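Trainee: sequence below, structure please.
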Amino acid sequence: MTQTVAIIGGGVIGGGWAARFLLMGWDVQLFDPDPEAERKMSEVLGNARRSLPGLSDVSLPPEGRLRHCATISEVADGAVWIQESVPERLDLKRKVYQTIQEHCAEDAIIGSSTSGFKPSELQDCATRPEQIVVTHPFNPVYLLPLVELVGTAKNSDALIHRAKDVLTSVGMYPLHIKAEIDAHIADRLLEAVWRESLWLVKDGIATTEEIDDAIRYGFGLRWAQMGLFETYRIAGGEAGMRHFISQFGPALSWPWTKLMDVPELTEELTNQIAGQSDAQSGHLSIRELERVRDNNLVTILRGLKAQDWGAGRILNAQDARVTKIANSIDDVADLSQPILTVKRAVPLDWTDYNGHMNEARYLQAFGDATDQLMLMIGCDADYIQSGGSYFTAETHIRHLDEVHAGAEIEVRTQCLLGEGKKLHLFHQMMSGDTLLATGEHMLIHVSLETRKASEPAVQVSGPLAKLAKAHAALPRPEGAGSAVGVRAG
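Mentor: Predicted coordinates for the structure are as follows:
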């Protein structure tokens, strides 16, 4: 049976909550007095539909039903979870809770998205304080998994357990904070960085962009996959966290920051931190942690590379500087031979459970070779923007040998046919003298306006004809035109 969640407040956070619950199969009842609420929710939901399903390697549940409600009494009716995301005004939140509790089920959980208020402050004056907990998420709620779950002694263990189950069921990570504190955990850490950043701007030390660059090109990447303490455990080397504290602890008394109210690193505190770090990561050696870190960073950086954003843009610029692959037919030294279209190392995230490059990455490498060949004949970004491109109609790949992470591979491309609407390519992937795989591809030139086959413009057909003529004298490569081999009997 489909469950129902009530969302009160449809702004950035409330809309994100609604999108996550909807896409995880819940029915959503939304209340927001803003006359633009339906439009804004539609736009947030559009972004969520575009992005959230891509995080999963299985299909999501059928999407729930969204209903916009005119009153709090209507939105609370039948809901097993009620998420309050109204502005950060304590008097407003308390008033909303009183209205909610007049109409909601007594066993419904009321979660607050508050980033600063303690649950005891929210529960004060409530009819049933035991229903109310803090469930503080992070934007975008439909993508980021963290929810800070904070309760008080008035909340039963059963309710906290149930809250964890609900949040886990919609793909989130409930971090149960067992002691109340203003702004919980994550925002206190963010606030420390924010305050120091404000001083750096005010004192003329750095611009906003320089501060963002310091984070996104450096420690922000490490934090994204290991957090703070595990990162510093590695920095301590084989001696671990205790060595890191002894080496860098004295810096806490140096005027590196405006935030100089820091705890004394007593033996007791050092033992506490080192012991917790051992419990967290002690099952892995420093070398093992380093390999995990490196795998994670490669995955993150390559994702950023695909978007040409942040540190990924730095990597793309470096690739452009060091590439030895021609960008034009006219720049190829010997056009009579198959053309070098890919030269690279196999990255860590291209390998599978057998320890070698997985099938999809062979296709990606050959796809990259095709893209490079298209660039060389003039089918570049400007040409595609003008309305013409090539679509792949058929592909045949032969897997001939293994290739592992770190191996240097080259792809050389032969043009078997390049006339009219057709482009027939044959790629050979090599590692040294070893032939690893071949890829044969038939592409058709199309008009992006009509999405139908069309003749290429002269700026493409000319270089392509030149290439096809130069390759016409080459012998037909072994395997060209072959199909999947099935032996009779």
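
Trainee: flag the shaky bits of this structure, pLDDT-wise.
Mentor: Within the chain, the stretches with pLDDT under 70 are 485-489.

Trainee: and Leu198, how many residues sit next to it?
Mentor: By other C-beta atoms under 10 Å, the residues close to Leu198 number 12. Where you see a C-beta, it was placed from the backbone N, CA and C, and this is true even at glycine.

Trainee: tell me what the longest helix along the chain is packed against?
Mentor: When the chain is parsed with DSSP state H, its longest helix is helix 286-307. Secondary-structure packing of helix 286-307 (3 or more C-beta pairs under 8 Å, 6 or more residues apart in numbering; DSSP states H and E): helix 220-226, helix 229-235, helix 311-322.

Trainee: winner for burial among the ones you listed?
Mentor: Ranked by mean neighbour count, those are led by helix 229-235 with a mean of 18 (mean count of other C-beta atoms under 10 Å).

Trainee: contacts for that helix, please.
Mentor: 219, 222-223, 226, 240-241, 244, 248, 273, 276-277, 280-281, 286, 289-290, 293 (C-beta atoms under 8 Å, 6 or more residues apart in numbering).

Trainee: which residues in the stretch 351-489 of the chain form helices?
Mentor: Secondary structure of the stretch 351-489 of the chain by DSSP state H, counting those that start in this stretch: the helices cover 359-376, 381-385, 458-471.

Trainee: what do you get for the stretch 151-300 of the chain?
Mentor: Taking DSSP H, counting those that start in this stretch to define them, one finds helices in the stretch 151-300 of the chain at 157-169, 186-202, 208-214, 220-226, 229-235, 240-248, 267-281, 286-307.

Trainee: what about dumping the CA coordinates of the fifth one to PDB?
Mentor: Output of helix 229-235 as PDB, limited to C-alpha atoms (Å, rounded to 0.1, in the frame of the first residue of the first chain):
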ATOM      1  CA  PHE A 229      39.300  12.400  10.500                       C
ATOM      2  CA  GLU A 230      39.800   9.500   8.100                       C
ATOM      3  CA  THR A 231      41.700  12.000   5.800                       C
ATOM      4  CA  TYR A 232      43.900  13.100   8.700                       C
ATOM      5  CA  ARG A 233      44.500   9.500   9.700                       C
ATOM      6  CA  ILE A 234      46.100   8.900   6.300                       C
ATOM      7  CA  ALA A 235      48.100  12.100   6.800                       C
END
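
Trainee: how many residues are close by Ala192?
Mentor: The tally of other residues near Ala192 (other C-beta under 10 Å) stands at 13.

Trainee: could you measure the closest residue in space to Leu265 that isn't next to it in sequence against Phe229, distance?
Mentor: Spatial nearest neighbour of Leu265, excluding adjacent residues (C-beta to C-beta, 6 or more residues apart in numbering): Gly249 at 4.5 Å. Separation of Gly249 from Phe229 (C-beta to C-beta, to the nearest Å) stands at 14 Å.

Trainee: what of Arg128?
Mentor: Computed as C-beta to C-beta, the Arg128 to Phe229 distance reads 38 Å.

Trainee: also Arg313?
Mentor: Relative to Phe229, and taking C-beta to C-beta, Arg313 is found at 30 Å.

Trainee: just Gly378 next, same as before
Mentor: Distance of Gly378 to Phe229, given as C-beta to C-beta: 53 Å.

Trainee: do the same with Ala192
Mentor: Taking C-beta to C-beta, one finds Ala192 at 15 Å from Phe229.

Trainee: for Glu359, give me its contacts.
Mentor: Per C-beta under 8 Å, 6+ apart, neighbours of Glu359: Asp352, Ile397, His399.

Trainee: what of Pro174?
Mentor: By C-beta under 8 Å, 6+ apart, the residues touching Pro174 are Thr135, Val147, Leu149, Ala163, Lys164, Leu167, Thr168.

Trainee: please redo it, this time with the cut-off set to 7 Å
Mentor: By C-beta atoms under 7 Å, 6 or more residues apart in numbering, the residues touching Pro174 are Val147, Leu149, Ala163, Lys164, Leu167, Thr168.

Trainee: beta partners for it?
Mentor: On the basis of DSSP bridges, Pro174 is bridged to Val147.

Trainee: ditto for Ile444
Mentor: Note on Ile444: beta-bridge partners by DSSP bridges are Phe391, Lys422.

Trainee: neighbours around it, how many?
Mentor: Look at Ile444: counted by other C-beta under 10 Å, it has 17 neighbours.

Trainee: and the gap between the spatially closest residue to Pro62 that is not a sequence neighbour and Gly78?
Mentor: Spatial nearest neighbour of Pro62, excluding adjacent residues (C-beta to C-beta, 6+ apart): Gly25 at 6.1 Å. According to C-beta to C-beta, Gly25 and Gly78 sit 16 Å apart.

Trainee: kindly report the same for Ala19.
Mentor: Distance of Ala19 to Gly78, given as C-beta to C-beta: 20 Å.

Trainee: so which of these two has more stuff around it?
Mentor: In this view Ala19 and Gly78 are compared by other C-beta under 10 Å, and Ala19 has more residues nearby, 26 against 14.

Trainee: helix or strand: which one has that one?
Mentor: Following DSSP states H and E, one finds Ala19 within helix 12-23.

Trainee: quick one: strands adjacent to whichever helix or strand comes after that helix?
Mentor: Proceeding N to C from helix 12-23, the next assigned helix or strand is strand 27-31, under DSSP H and E. According to DSSP bridges, strand 27-31 forms sheet pairs with strand 4-8 (parallel), strand 66-69 (parallel).

Trainee: quick one, which of those is nearest to Val332?
Mentor: Ranking the strands paired with strand 27-31 by proximity to Val332 (C-beta to C-beta) places strand 66-69 first, at 56.0 Å.

Trainee: quick one: distance of the closest one to the chain centre.
Mentor: On the basis of C-alpha atoms, centre = their mean, to the nearest Å, strand 66-69 sits 30 Å off its chain's mean C-alpha point.

Trainee: name the residues of it that come out as buried.
Mentor: By 16 or more other C-beta atoms under 10 Å, the buried positions in strand 66-69 come out as Leu66, Cys69.

Trainee: coming back round to it: can you add distance to Asp212 and give the helices and strands packed on helix 286-307 back as CSV?
Mentor: Putting the helices and strands packed on helix 286-307 into CSV (distance: least, C-beta to C-beta, whole Å) gives the following:
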stretch, distance to Asp212
helix 220-226, 9
helix 229-235, 19
helix 311-322, 12
